[in-house]
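A.B. asks: Give the three-dimensional model of this entry:
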Amino acid sequence: MQGPGLIFLVFAYAIIWIGFFVYLGWIALRMRGVRTELETVRELVEERERRGTNGGNE
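C.D. replies: Here you go, the predicted structure:
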């Protein structure tokens, strides 16, 4: 397999790998956002626990 067929195969593999790494980067960014949001929720819960509840009425 030589010539244009081999070149197209190499480009196809390169595009697939680039797409894969872009997808991994996107997932990493989403996970960072989820961690940030989770930390915010955790802080709100801790603050509410420190203040105590209003007998369940808020």
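
A.B. asks: Could you use CA atoms for every contact and neighbour count after this?
C.D. replies: Will do.

A.B. asks: looking only at pLDDT, what's the mean for stretch 19-34?
C.D. replies: For stretch 19-34, the mean pLDDT works out to 97.

A.B. asks: Sorry, slip of the keys, the one I care about is stretch 51-58.
C.D. replies: On average, stretch 51-58 scores 63.

A.B. asks: residue closest to the middle of this structure?
C.D. replies: Centroid-nearest residue in the chain: R30, 2.5 Å away (criterion: Cα atoms, centre = their mean).

A.B. asks: So that residue versus E37, what's the distance?
C.D. replies: To E37, R30 is 11 Å away according to Cα to Cα, to the nearest Å.

A.B. asks: for G3, same thing?
C.D. replies: From G3 to E37 the distance is 52 Å (Cα to Cα).

A.B. asks: With L44 instead?
C.D. replies: 11 Å.

A.B. asks: now G5
C.D. replies: Using Cα to Cα, one gets 48 Å for the distance from G5 to E37.

A.B. asks: ok so, going back, which one's more surrounded, G3 and E37?
C.D. replies: E37 (12 against 7; other Cα atoms under 10 Å).

A.B. asks: How is Q2 classified with respect to secondary structure?
C.D. replies: Secondary structure, DSSP: H, G, I helix; E, B strand; the rest coil: Q2 is coil.

A.B. asks: Let me see the contact set for it.
C.D. replies: Taking Cα atoms under 8 Å, 6 or more residues apart in numbering as the definition of contact, Q2 has no neighbours.

A.B. asks: how much space is there between it and F8?
C.D. replies: 10 Å.

A.B. asks: Which neighbours do those two have in common?
C.D. replies: Shared contacts of Q2 and F8 (Cα under 8 Å, 6+ apart): none.

A.B. asks: all helices in the chain, in order from the N-terminus.
C.D. replies: In the chain, the helices defined using DSSP state H lie at 4-51.

A.B. asks: I'd like to know how far I18 sits from I27.
C.D. replies: When I18 is compared with I27 (using Cα to Cα), they lie 14 Å apart.
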